[in-house]
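S.K.: predicted model and sequence below, questions to follow.
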Amino acid sequence: MLLKDKVLLVTGGSKGIGRAIAVQAARQGAKVGINYAGDESAAESAVKEIRALGGEAFALRGDVADPASAPAFVNAAVEAYGRIDTFVNNAGICPFHGFLDMPVDVVDRTIKVNLNGAYYMCQAAANQMVSQGKKANGFAGSIVAVSSISALVGGEFQTHYTPTKAGVLSLMQSTAIALGKHGIRCNAVLPGTILTDINKDDLADEKKRSYMEGRIPLGRLGQPEDLAGPVIFLACEEMAGYVTGASLLVDGGAFVNLQ
Ligand SMILES: NC(=O)C1=CN([C@@H]2O[C@H](COP(=O)(O)OP(=O)(O)OC[C@H]3O[C@@H](n4cnc5c(N)ncnc54)[C@H](OP(=O)(O)O)[C@@H]3O)[C@@H](O)[C@H]2O)C=CC1
Ligand SMILES: C[C@H](O)[C@@H]1OC(=O)[C@H](O)[C@@H]1O
């Protein structure tokens, strides 16, 4: 088991990519904490799924856009498990909308959740890891952020969203520098198009869905579970102890497929 007795927290862990990470972390021996925004029954079912595997989990409601939600989540984990080892910043929204008539509140909310929320959460997690100090092996913890292929390429209906994903990637690069001396590694995963609630409506358009599928050399859209292995790898100090400031595309090859 790659994360035996480690503590892993994940924001937006009740559904989609975050849930797949939480479940795989529990399979790998981690004790898990899940943050979610509003859907209590999804969070309860994620906790139930982990406990059914014999794992330990708790869920805490909190809007990541609220700076107070970050210390609340970290403190709840410390109360439950005594420490944190890996923090996965995953919560995000993508309300598809055209550029020219983009409402101000949609831009502001997307930035507050995806980028400001990532900043507050990673900062709170890092402070906890620094206060725990380095272990005998020199590591104090790791942070993995779910950025996106959209950090590197654009989207007509994602002009408010893609800058937040580029921001999250940049945040991991700068925190890798700021936190290296504390024994904290910071990395990003960049998913391609993964089938979750976030794009259910967008991909209900069959024409768009088959266009997106056609762009992927591996021949299929992603599943949330496709992200779990890469995140666990980056979290695991035995496997990825010299990896920090890195970004890992998990997109079935979509990014490199020009023609
Ligand atoms: N799916 C994809 O194709 C891709 C997704 N990503 C990124 O992956 C991450 C996860 O997305 P995905 O799994 O697809 O999305 P889902 O919609 O399936 O899940 C989103 C999760 O985030 C939570 N959440 C949403 N807003 C907040 C908030 N303000 N505070 C706390 N939790 C919140 C949701 O909780 P609740 O339901 O309670 O609101 C839910 O647990 C996002 O950052 C997204 O940008 C990146 C590239 C591709
Ligand atoms: C939500 C989209 O389907 C998804 O979000 C991303 O970050 C990817 O680039 C996809 O566009």
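M.R.: Yep, that arrived. Ligands and ions are numbered 1, 2, ... in the order given.
S.K.: now the helices for the stretch 51-200 of the chain?
M.R.: Ranges of helices in the stretch 51-200 of the chain, per DSSP state H, counting those that start in this stretch, are 69-81, 104-111, 117-132, 162-179.
S.K.: with mean neighbour count added, can I get the ones you listed in a markdown table?
M.R.: Where C-beta positions appear, they are placed from N, C-alpha and C, glycine not excepted. Below are the helices of the stretch 51-200 of the chain laid out as a markdown table (neighbours: other CB atoms under 10 Å):
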| stretch | mean neighbour count |
| --- | --- |
| helix 69-81 | 19 |
| helix 104-111 | 14 |
| helix 117-132 | 21 |
| helix 162-179 | 19 |
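S.K.: backbone phi and psi for residue 84, please?
M.R.: For residue 84, the backbone dihedrals (degrees, to the nearest 10) come out as phi -130, psi 140.
S.K.: isn't it up against residue 130?
M.R.: No: taking contacts as CB atoms under 8 Å, residue 84 lies outside contact range of residue 130: 11.3 Å.
S.K.: interface residues of the stretch 51-200 of the chain facing ligand 1?
M.R.: 63-65, 90-94, 113, 146, 148, 191, 193-194, 196-199 (CB under 6 Å from any ligand atom).
S.K.: closest point of the stretch 51-200 of the chain to ligand 1, which residue?
M.R.: Ligand 1 sits closest to residue 92 of the stretch 51-200 of the chain, with a gap of 2.2 Å, by CB to the nearest ligand atom.
S.K.: let me see the contact set for that residue.
M.R.: 12, 113-114, 146, 164, 198 (CB atoms under 8 Å, 6 or more residues apart in numbering).
S.K.: just residue 165 next, same as before
M.R.: 114, 147-148, 150-151, 190.
S.K.: return the member of these nearest to residue 245.
M.R.: Lowest distance from residue 245 to the contacts of residue 165 (CB to CB) belongs to residue 147, with 12.7 Å.
S.K.: out of the residues of the stretch 51-200 of the chain next to ligand 1, which sit inside strands?
M.R.: Counting by DSSP state E, these place 146, 191 in strands.
S.K.: all strands of the stretch 151-259 of the chain, in order?
M.R.: Secondary structure of the stretch 151-259 of the chain (DSSP state E, counting those that start in this stretch): strands at 184-191, 247-250.
S.K.: could you tell me the angle between the longest one and helix 162-179?
M.R.: With axes from the mean of the first three to the mean of the last three CA atoms, to 10 degrees defining the directions, strand 184-191 sits at 160 degrees from helix 162-179.
S.K.: would you mark the buried spots in strand 184-191?
M.R.: For strand 184-191, burial by neighbour count (16 or more other CB atoms under 10 Å) applies to 184-191.
S.K.: export these as CSV, with columns for pLDDT.
M.R.: Below are these laid out as CSV (pLDDT from 0 to 100):
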residue, pLDDT
184, 98
185, 98
186, 99
187, 99
188, 99
189, 99
190, 99
191, 98
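S.K.: tell me which of these is nearest to ligand 2?
M.R.: residue 191 (6.5 Å).
S.K.: residue contacts, that closest one?
M.R.: 17, 146, 148-149, 222, 226-227, 250-251.
S.K.: so which of the residues you listed reach ligand 2?
M.R.: 148-149.
S.K.: as JSON lines, the contacts of residue 191 with pLDDT and neighbour count would be great.
M.R.: Shown next, in JSON lines, are these (pLDDT from 0 to 100; neighbours: other CB atoms under 10 Å):
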{"residue": "17", "pLDDT": "99", "neighbour count": "29"}
{"residue": "146", "pLDDT": "99", "neighbour count": "28"}
{"residue": "148", "pLDDT": "98", "neighbour count": "29"}
{"residue": "149", "pLDDT": "98", "neighbour count": "20"}
{"residue": "222", "pLDDT": "98", "neighbour count": "20"}
{"residue": "226", "pLDDT": "98", "neighbour count": "20"}
{"residue": "227", "pLDDT": "98", "neighbour count": "26"}
{"residue": "250", "pLDDT": "98", "neighbour count": "21"}
{"residue": "251", "pLDDT": "98", "neighbour count": "25"}
